[in-house]
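Engineer: everything below, folded, please.
(2 chains)
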There are 2 protein chains.
Amino acid sequence: MTHPADQELIVAEESAPTTRCRILATAERFFREIGYQKTTVADIAKTLRMSPANVYRFFDSKKAINEAVVERVTREVEALIATIAATPGLSASDRIAEIVRSLHVDCLERCRENPRIHEMVEAAMTESWDVCRHHVDRISGVLGRVVTDGVRNGEFAAEDPTMAAQCVHVAIVRYCHPVLVSQYPNGPAPPIETMIAFLLRALQARPQRA
Amino acid sequence: MTHPADQELIVAEESAPTTRCRILATAERFFREIGYQKTTVADIAKTLRMSPANVYRFFDSKKAINEAVVERVTREVEALIATIAATPGLSASDRIAEIVRSLHVDCLERCRENPRIHEMVEAAMTESWDVCRHHVDRISGVLGRVVTDGVRNGEFAAEDPTMAAQCVHVAIVRYCHPVLVSQYPNGPAPPIETMIAFLLRALQARPQRA
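Structural biologist: The predicted structure is shown next:
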């Protein structure tokens, strides 16, 4: 039989992740509905019928809450494209195309669901640069693995697959960056399929010597 | 001999462009020093020792002043790259490379000189979308002419030079957009020369058939 003190400890431990999740879910709803800037930790605490001090037991600051929200979203996106990168039977070209397409569609959908997403992302870019930087690096890493596969099997001619993958990644910023996509949805840009075909040509082409 | 009333008319007509220029120069200094958001038409008028009503004789609003400032800058950039596009003796590849390089260096310099440039550009993108859109279209147009030259002389294999030029243009947004360059100068991106070589390969490559 468990000692009552141990029992209490177990409950506290079990409920900690739940409380954390409830704080994040509530924060995300506030960020979505009134925007990151106008949301306060007091608002979040009040909705959850807890004290701001209790929220601060789990997160040091609104910045830390945003980091956790952004981290969750970025991990979902990364898992999505890692799955595509590892799909058996698809050529490297098809996997690059499908990754770029998925990053674009995922971004469009998130922006449609959450028109104030740019506030969260801008806050993350200003206050939590490392979180953003690591996300960009991980996406480039997945693209790099597929480009390397393509070079090995003769589909691609890139001399430096890591750098070529970074070029693809930076070239699609207009299509996959929540700030650009949500703020300037009507900005001039070729259709995504045209852009994908253009980038695949760059990966496939043998370098010309000057 | 000129009639005194005519004389006054001539002076008024001659000074109108001068007054306009002085308003723009002062506005630009304010936008640069305290930012677009904090600048008021009253500040500009006071510095020029004129009434706000006199400023409004030349510009309907702060938005109209910003449009004129942005228009001047965009025309300078466009003239710069049109000159490169028309340089005799340079291959189409060299001209594309030099245009992209110049757009990047010009943007870096303007951002360094004016760390608050993103406020002006963001205001233009929000309030004067047509000004921005036409600028983007004109730059894409210049790139399109060079890509067409390259296709004609056999350097490039693009099937649709206009669309290929738009792909190049959208691919370099990270390097040439004042908001991205000024706000996130340390964002991950390959060196500009690596990116140029990557994009030239896409222009040079024959399309592969599926």
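Engineer: contacts and neighbour counts: CA atoms only from here.
Structural biologist: Fine.
Engineer: domain ranges for chain A?
Structural biologist: The domain map for chain A lists A:1-59, A:62-204, with the assignment taken from automatic domain parsing.
Engineer: relative to chain B, which of the ones you listed is closest?
Structural biologist: Proximity to chain B, assessed across the domains of chain A by C-alpha to the nearest C-alpha, is greatest for domain A:62-204 (3.8 Å).
Engineer: and the closest one with chain B, contact?
Structural biologist: Yes. Under the criterion of C-alpha under 8 Å from any C-alpha of the partner chain, domain A:62-204 makes contact with chain B via A:133, A:136, A:163-164, A:166-167, A:170-174, A:187-190, A:194-195, A:198-204.
Engineer: any idea of the mean pLDDT for that domain?
Structural biologist: In this model, domain A:62-204 carries a mean pLDDT of 92.
Engineer: kindly check the end-to-end length of that domain for me.
Structural biologist: 46 Å (C-alpha to C-alpha, to the nearest Å).
Engineer: can you list the residue ranges for helices in chain A?
Structural biologist: Assigned helices in chain A, in chain order: A:4-33, A:41-47, A:52-58, A:62-85, A:92-113, A:117-127, A:129-152, A:161-171, A:173-176, A:178-183, A:192-204 (criterion: DSSP state H).
Engineer: circling back: CSV for the domains of chain A, including mean neighbour count and distance to residue B:62?
Structural biologist: Formatted as CSV, the entries for the domains of chain A read as follows, by neighbours: other C-alpha atoms under 10 Å in any protein chain shown; distance: least, C-alpha to C-alpha, whole Å:
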stretch, mean neighbour count, distance to residue B:62
domain A:1-59, 14, 26
domain A:62-204, 19, 22
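Engineer: and those: which comes nearest residue B:91?
Structural biologist: Closest to residue B:91 of the domains of chain A, according to C-alpha to C-alpha: domain A:62-204, at 19.0 Å.
Engineer: to the chain's geometric centre, what's the distance from that closest one?
Structural biologist: 8 Å (C-alpha atoms, centre = their mean, to the nearest Å).
Engineer: isn't residue A:147 up against residue A:154?
Structural biologist: No. Applying C-alpha atoms under 8 Å, one finds residue A:147 not in contact with residue A:154, separated by 10.4 Å.
Engineer: what's the closest non-adjacent residue to the residue nearest the centre of chain A?
Structural biologist: The centre of chain A sits closest to residue A:74, judged by C-alpha atoms, centre = their mean, with a distance of 2.4 Å. Nearest non-adjacent residue to residue A:74, counting by C-alpha to C-alpha, 6 or more residues apart in numbering or on different chains: residue A:135, 6.4 Å away.
Engineer: what does residue A:47 give?
Structural biologist: Nearest in space to residue A:47, with sequence neighbours left out and distances taken as C-alpha to C-alpha, 6+ apart, is residue A:26 at 7.7 Å.
Engineer: tell me the contacts of that neighbour?
Structural biologist: By C-alpha atoms under 8 Å, 6 or more residues apart in numbering or on different chains, the contact list for residue A:26 reads A:44, A:47, A:48.
Engineer: residue A:86: which of those residues is nearest?
Structural biologist: Using C-alpha to C-alpha, residue A:44 comes nearest to residue A:86 of these, at 39.4 Å.
Engineer: and that closest one, what does it touch?
Structural biologist: A:23, A:26, A:27, A:30, A:52 are the contacts of residue A:44 under C-alpha under 8 Å, 6+ apart.
Engineer: so how far is residue A:55 from it?
Structural biologist: With the distance defined as C-alpha to C-alpha, residue A:44 ends up 8 Å from residue A:55.
Engineer: check residue A:153 too.
Structural biologist: As defined by C-alpha to C-alpha, residue A:153 lies at a distance of 52 Å from residue A:55.
Engineer: and for residue A:111?
Structural biologist: For residue A:111, the distance to residue A:55 under the criterion C-alpha to C-alpha works out to 27 Å.
Engineer: cool, residue A:93 as well?
Structural biologist: Residue A:93 sits at a distance of 47 Å from residue A:55 (criterion: C-alpha to C-alpha).
Engineer: what do you get for residue A:29?
Structural biologist: Residue A:29 is 16 Å from residue A:55, by C-alpha to C-alpha.
Engineer: ok, residue A:116 next?
Structural biologist: On the measure of C-alpha to C-alpha, residue A:116 and residue A:55 end up 23 Å apart.
Engineer: one more: residue A:22?
Structural biologist: Relative to residue A:55, residue A:22 is positioned 10 Å away (criterion: C-alpha to C-alpha).
Engineer: just to revisit the earlier point, who touches both of residue A:44 and residue A:55?
Structural biologist: Looking at what touches both residue A:44 and residue A:55 (by C-alpha under 8 Å, 6+ apart), the common residues are residue A:23.
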